[in-house]
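Visitor: the sequence isn't on hand, but the structure is:
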Ligand code: ADP
Ligand code: MG
């Protein structure tokens, strides 16, 4: 399990996350929902230190990092090893082939041999239905294919958690479906995930728990079924697209 405890973050004096505590259970999918600008990305990025809150802590089994204290290089390295982030715009290296995009970090960061990294990469590429495209460059793939490769790149690091920030919001609906199917599969296999999404059908289908935030404050933290079946008036408005 990963737990964030009493996270506070502000930008230029404006509070973006206000004393948020949330647990992300292992082997489960947690979906973060909320209106645009509510602090979802900031919260997600706090987990792997892409964003550094002013106070609060992130806790892993046997490991606690207090954001208000200096975090050593060694600690931030081991923290980042536990998670892999998948971004909205996939961010593949344009000058590297699909295979090299996936194998570079396992070789340089995890010290895997080329043979070992390539074997794993090829298995992952096959798993997302893209076998045969290993030697292509990102520009030769559709957006949906690029996002599937960036999911492979995240998985290649053998992270405990995959963090996904609106993984399909830059994709056309038919390409979105391909990516969602892969995430659904990972979810069924018990991959620990934290996903920010605007796709309510998907959130309902895959998540074990929902965290709803608004203006940097946690409004809901609990069971997915309850969220959708017994919404508060505020959540009802959100679900009906009013805000
Ligand atoms: P969401 O992902 O829910 O749309 P964000 O976490 O991206 O929201 O942003 C929350 C708030 O913090 C927004 O008001 C946004 O403008 C502000 N914000 C985010 N990142 C920065 C930054 N690097 N500098 C200044 N303000 C930021
Ligand atoms: Mg965001």
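Guide: Here it is on my side, so go on. Just so it is clear, the structure is predicted and the values come from calculations on it, not from any experiment. Numbers count the residues shown, from 1 in each chain. Ligands and ions are numbered 1, 2, ... in the order given.

Visitor: pLDDT-wise, which helix or strand of the protein ranks last?
Guide: Ranked by mean pLDDT, DSSP states H and E, the helix or strand of the chain with the weakest confidence is helix 73-81, at a mean of 87.

Visitor: that one packs against which elements?
Guide: The elements that helix 73-81 packs onto, with contact taken as 3 or more CB pairs under 8 Å, 6 or more residues apart in numbering; DSSP states H and E, are strand 63-66. Quick note: C-beta positions are derived from backbone N, CA and C, even for glycine.

Visitor: so which elements touch the strand it packs on?
Guide: Using 3+ CB pairs under 8 Å, 6+ apart: strand 63-66 touches strand 55-60, helix 73-81.

Visitor: sheet partners, orientation included, of the shortest one?
Guide: In its sheet, strand 55-60 lies beside strand 2-11 (antiparallel), strand 63-66 (antiparallel), with partners assigned from DSSP bridges.

Visitor: grab the most central residue of this protein for me.
Guide: Centroid-nearest residue in the chain: residue 163, 1.6 Å away (criterion: CA atoms, centre = their mean).

Visitor: report the angle between the strand or helix carrying that one and strand 2-11.
Guide: Per DSSP states H and E: residue 163 is located in strand 161-165. Relative orientation of strand 161-165 and strand 2-11, computed by axes from the mean of the first three to the mean of the last three CA atoms, to 10 degrees: 30 degrees.

Visitor: buried sites along the helix or strand that strand 161-165 is followed by?
Guide: The first helix or strand that comes after strand 161-165 along the chain, using DSSP H and E, is helix 173-188. In terms of neighbour count (16 or more other CB atoms under 10 Å), helix 173-188 has its buried residues at 175-176, 178-180, 182-183, 186-187.

Visitor: quick check: residues of the chain near ligand 1?
Guide: Counting by CB under 6 Å from any ligand atom, the chain comes close to ligand 1 at 11, 16, 34, 36-42.

Visitor: so which of those belong to strands?
Guide: Within the residues of the chain next to ligand 1, residues falling in strands by DSSP state E are 11, 16.

Visitor: narrow the residues of the chain next to ligand 1 to just the buried residues.
Guide: Judged by 16+ other CB under 10 Å, buried ones among those: 16, 34, 38-42.

Visitor: farthest pair within those residues?
Guide: Among those, the pair separated by the greatest distance (CB to CB) is 16 and 34, at 11.9 Å.

Visitor: helix, strand, or coil at the closest residue to residue 175 other than its chain neighbours?
Guide: Once flanking residues are discounted, residue 175 sits nearest to residue 144: 3.0 Å by CB to CB, 6 or more residues apart in numbering. What DSSP: H, G, I helix; E, B strand; the rest coil gives for residue 144 is helix.

Visitor: dump the residue contacts of residue 144.
Guide: 171-172, 174-176, 178-179 (CB atoms under 8 Å, 6 or more residues apart in numbering).

Visitor: so, low pLDDT: which residues of this protein?
Guide: 242-243 (pLDDT under 70).

Visitor: same thing but 90
Guide: Applying pLDDT under 90 to the chain flags the ranges 48-49, 61-63, 71-80, 88-91, 170, 172-175, 241-243.

Visitor: before we move on, back to that, take the buried residues of helix 173-188 and lay them out in JSON lines including distance to residue 99.
Guide: Output for the buried residues of helix 173-188, formatted as JSON lines (distance: CB to CB, whole Å):
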{"residue": "175", "distance to residue 99": "22"}
{"residue": "176", "distance to residue 99": "25"}
{"residue": "178", "distance to residue 99": "20"}
{"residue": "179", "distance to residue 99": "20"}
{"residue": "180", "distance to residue 99": "25"}
{"residue": "182", "distance to residue 99": "18"}
{"residue": "183", "distance to residue 99": "22"}
{"residue": "186", "distance to residue 99": "21"}
{"residue": "187", "distance to residue 99": "26"}
